[in-house]
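Visitor: Fold the following, please.
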Amino acid sequence: ADGNLVSGVKAAYYDNKELEGAPTLEQVESNIDFYWDRTPSTGGLNDEFSATWEGVIVPETDGVYRFQPSRWTEVTINGETVGEMDNVEMQAGESYAVRMVLKFDSGWPRDQLDKYAYLNWTDVSRDLEAEALAATEGADVILFFGGIDANLEGEEMGVELDGFL
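Guide: Predicted coordinates:
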């Protein structure tokens, strides 16, 4: 934006599945988290399309970060390919160039035609249980509200954690 830094990722959308030609739309997105059947059209995209998102991550703390991209995407960090659920060691204050590519093909099996894209990352080097226990030291009462999501439990998915049969 006029040479100034902005928060978000630079997105480029193409009206074909191979990133060919000029993008039909370029804009800055606040993050990579889309489900196009439930959000307004990004304008002029047909069933087959491709997209790139580029940005920089600057971690606030040193740690090991686990990256979880959506299916049918390719993610690179500083030019190195990062697979689904891969861990990447990162240093606080360092800049890491991130690029994600999606190539959506309408020829995919019907049950896989949901048009979505996301990229999540989590600092897995933190001991969240120890942090939670430390936060409760000296408390007279603790109210805990917790739950699970589809990343932990699914139909016929073996879960090997305390408390699960």
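Visitor: Thr24 contacts Ala11, correct?
Guide: No - using CB atoms under 8 Å, Thr24 makes no contact with Ala11, being 11.4 Å away. (Glycine included, C-beta is placed from N, CA and C.)
Visitor: Those two - which one has more neighbours?
Guide: Ala11 (21 against 16; other CB atoms under 10 Å).
Visitor: so who does the more buried one touch?
Guide: For Ala11, the contacting residues are 25-29, 51-53, by CB atoms under 8 Å, 6 or more residues apart in numbering.
Visitor: which among these end up buried?
Guide: With burial judged by 16 or more other CB atoms under 10 Å, the buried subset of those is 25, 51-53.
Visitor: For Val124, state which of those is nearest.
Guide: Comparing the buried ones among the contacts of Ala11 against Val124 with CB to CB picks out Trp53 as the nearest, at 22.5 Å.
Visitor: residues making contact with the helix or strand harbouring Val75?
Guide: Using DSSP states H and E, Val75 maps to strand 73-77. With contacts defined as CB under 8 Å, 6+ apart, strand 73-77 is touched by 57, 67, 69, 81-82, 88, 96-102, 117, 119.
Visitor: Show me the strands in this structure, by range?
Guide: All strands of the chain, identified by DSSP state E, fall at 9-14, 25-29, 33-35, 49-57, 63-69, 73-77, 80-82, 86-90, 96-104, 116-123.
Visitor: a markdown table please, covering these and showing mean pLDDT and distance to Leu143.
Guide: Converted to a markdown table, those look like this (pLDDT from 0 to 100; distance: least, CB to CB, whole Å):
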| stretch | mean pLDDT | distance to Leu143 |
| --- | --- | --- |
| strand 9-14 | 91 | 37 |
| strand 25-29 | 90 | 36 |
| strand 33-35 | 83 | 29 |
| strand 49-57 | 92 | 34 |
| strand 63-69 | 94 | 29 |
| strand 73-77 | 95 | 38 |
| strand 80-82 | 95 | 38 |
| strand 86-90 | 95 | 33 |
| strand 96-104 | 93 | 37 |
| strand 116-123 | 90 | 24 |
